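1. From the sequence below, what's the structure:
(chains A and B)
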Amino acid sequence: MTGIRWYHLALWIAFVAIMFVMPQLVSKGTLRIIIMANFLAIFAISWDVLSGRTGYISFGHPFLIGIGAYTSAILTKRFDVPLEVAMPIAVLMTMIGGIIVFLPALRIKGSYFALVTLAFMELIYQLVQVIRPDLTGGTRGMSGIKTITRGAVSNYYLSASLLIAIAFSMWLLMKTQLGIALSAIGMNEESVRGSGLSTTKLKLFAFLTSAFVAGIGGAFYVHYLGSIAPRALFDINFLFTIIVAALIGGASTIIGPIIGAFFLTFLLEFLRPYLPGAERYFIYGMVALLLYMYQPKGLIALMHTGWNKLTGAR
Amino acid sequence: MAFLELKSLNAFYGKAQALHDVSLHVKPGEIIAIVGANGAGKSTLLDSVMGMTTTTGDILMEGKSINQLSTAEIVQSGVGYAPERFNLFPYMSVRDNLLVGAYTSRESIESNLAIVHKLFPKLKERQHQETSTQSGGERQMVSLGRALMTSPRLLLVDEPTIGLAPKVCGEIAVALKRMCDELGATIVITEQNANFAMTLASRLYVLESGVVKAEGTVDELRGDARLTEAYFGA
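-> Got it, this is the predicted structure:
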């Protein structure tokens, strides 16, 4: 482990404490919005582990989330598999999906890689609608999927615990030499090779880790919603919300995607009464663009600058 | 026996041939320099030793072929590579840059860090600074330091003085000399700055368009009027 300071741990403790007391501070309606923000944060962290670190921009993240969600939903609803068995299988299947996404990365990068991953998302979108609709529910998807718990407060604690566990473990992982090497790939892959590291193995690890998180997130998400619809899950707006959350918060930081996810979720909810349709995405796109132009390192960098000014640190 | 020996080495980028029948050798504990202009194939030569290009011909280290080894295996066998300083990880701290280098030599991280800090005390003082905010000279120190973190016996250094002030070039030369004398490293540097190379290397190879045009000691090469005009100044 490297670069862990006392105030990092203090901030984590503060974050956990705030999340713990949140149900006492806000209404149940707000709590439901936070649950969605928690899941978006998990998805954004998963995207960030892959794309934010290694620089391999994935436009197909809902492909991975979809595998996790659909596998768990099908196993529990169609085959009465218990949740505690179905969810690990879903995560495993998502990791296999991660290997599939990894294969093009052996040969291509940059915009070509992004387009191939977009094709993966489109492929699974079409497949779930036409292949065995008796299992997937076809275009209508599935409803009546088992939920893990009921009620806003218990679902909040479940999603918050999941987010904290994933975020903290990913943060610790990124503080190891392995995590540092992953970040180095995004900055200069050739140079990483020149230092004697196998970039293929490192990238495979990043893809598997990202898929692992996406699988957990997807499985828990579907058992929170209790339903799944391909049009919503494989929607381009859902994909962009994940990516923008990571970028707007601060890619390659773990905490950045969490901040971005909360910012975006609440921005979209704030805009809902004024712009009930998809126009909201135009506004958030503008906000994201302006923020990104002003500070490409995201909200986390703005907060860092603000903190430094406040404390007089350089 | 030569520590490193290249025999009739050809290197390719796709169909384009970048090195033509290059042969050279480096004795243990020696510093040699590959001198040439931009595009002469200097970096390609180092990349080839590191297994990062397609090659034909032989690359021998201590008499054993390393042609078929992966870059990771070459580093593990004791070759350290300090690429041009522009190839650092810009948004990482000095310490993290060094730790990427330490990946293949994890059992000696602390001792290697101590060696790097002894050679370049500035890197210890600024270990938490992002390398993108450092001066050219400091970044070059990080590049050399990162290579040292692999516990190398053979160090390949690509254009260590490019764009640096003369005073900083002097500091880099001293550091390289110490690496050779104190750590026993065998060093190959590439340089456009022939005068810098002469202060450091015992022998030089002059590379032009991927071909070795001349080789010898500094005094021997100074006798060549064309080379003197082209590389060493009047």
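2. Would you point out which residue is most central in the chain?
-> Just going to use chain A. Nearest residue to the geometric centre of chain A (CA atoms, centre = their mean): A:Phe43, 1.2 Å.
3. The chain in question should be chain B.
-> Note: chain B centre (CA atoms, centre = their mean) maps to B:Val157, 1.5 Å.
4. Point out the other elements, helices or strands, that the host helix or strand of B:Gly57 touches.
-> Assigned by DSSP states H and E, B:Gly57 belongs to strand B:54-61. Packed against strand B:54-61 by the contact rule (3 or more CB pairs under 8 Å, 6 or more residues apart in numbering or on different chains; DSSP states H and E) you find strand B:4-13, strand B:16-26, helix B:42-49. Quick note: C-beta positions are derived from backbone N, CA and C, even for glycine.
5. about what we covered before: the residue nearest to the centre of chain A sits in which helix or strand?
-> With DSSP H and E as the criterion, A:Phe43 is inside helix A:28-47.
6. What is the neighbour count of the closest residue in space to B:Leu9 that isn't next to it in sequence?
-> In this structure, B:Leu9 finds its nearest non-sequential neighbour in B:Gly57, 3.9 Å apart by CB to CB, 6 or more residues apart in numbering or on different chains. Neighbour count of B:Gly57, defined by other CB atoms under 10 Å in any protein chain shown: 16.
7. Now do the contacts for B:Gly57.
-> The neighbours of B:Gly57, taking CB atoms under 8 Å, 6 or more residues apart in numbering or on different chains as the test, are B:6-10, B:21-22.
8. so the closest residue to A:Ile148 other than its chain neighbours, which of the three states?
-> Spatial nearest neighbour of A:Ile148, chain neighbours left out: A:His223 (5.0 Å); criterion: CB to CB, 6+ apart. The three-state label given to A:His223 by DSSP: H, G, I helix; E, B strand; the rest coil is helix.
9. isn't A:His223 right next to A:Thr147, touching?
-> Yes - using CB atoms under 8 Å, A:His223 is in contact with A:Thr147, at 5.6 Å.
10. For the residue of the stretch 101-250 of chain A at minimum distance from chain B, give its distance to B:Pro152.
-> Of all residues in the stretch 101-250 of chain A, A:Gly196 sits closest to chain B, with a separation of 2.6 Å (CB to the nearest CB). Separation of A:Gly196 from B:Pro152 (CB to CB, to the nearest Å) stands at 10 Å.
11. so what sits against both of these two?
-> B:Val75.
12. buried ones in the strand or helix carrying A:Gln129?
-> In the assignment (DSSP H and E), A:Gln129 maps to helix A:110-130. Burial within helix A:110-130, assessed by neighbour count using 16 or more other CB atoms under 10 Å in any protein chain shown, is assigned to A:113-114, A:116-118, A:120-121, A:124-125, A:128-129.
13. for it, packing partners?
-> By 3+ CB pairs under 8 Å, 6+ apart, helix A:110-130 packs against helix A:61-78, helix A:83-105, helix A:230-233.
14. Try it again at 10 Å.
-> helix A:61-78, helix A:83-105, helix A:133-136, helix A:230-233, helix A:236-249 (3 or more CB pairs under 10 Å, 6 or more residues apart in numbering or on different chains; DSSP states H and E).
15. Just say which of the ones you listed is most tucked in.
-> helix A:61-78 (a mean of 26; mean count of other CB atoms under 10 Å in any protein chain shown).
16. Specify the angle between that helix and helix A:110-130 in degrees.
-> 20 degrees (axes from the mean of the first three to the mean of the last three CA atoms, to 10 degrees).
17. Return the mean pLDDT over helix A:61-78, rounded to an integer.
-> Averaging pLDDT along helix A:61-78 gives 96.
18. which stretches of chain B form strands?
-> B:4-13, B:16-26, B:31-35, B:54-61, B:64-65, B:79-82, B:154-158, B:186-191, B:203-208, B:211-217 (DSSP state E).
19. Adding mean pLDDT, write these out as CSV.
-> Formatted as CSV, the strands of chain B follow (pLDDT from 0 to 100):
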stretch, mean pLDDT
strand B:4-13, 95
strand B:16-26, 95
strand B:31-35, 95
strand B:54-61, 95
strand B:64-65, 94
strand B:79-82, 94
strand B:154-158, 95
strand B:186-191, 96
strand B:203-208, 94
strand B:211-217, 92
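20. Deepest-packed of these, please.
-> Greatest burial across those, using mean count of other CB under 10 Å, falls to strand B:79-82, with a mean of 28.
21. Could you list the low-confidence segments of the chain?
-> Went with chain A since none was named. Along chain A, segments meeting pLDDT under 70 span A:1, A:313-314.
22. ah, I was thinking of chain B
-> B:232-234.
23. coming back round to it: of all the helices and strands packed on strand B:54-61, which one is nearest A:His8?
-> Nearest to A:His8 among the helices and strands packed on strand B:54-61 is helix B:42-49; the distance by CB to CB comes to 38.4 Å.
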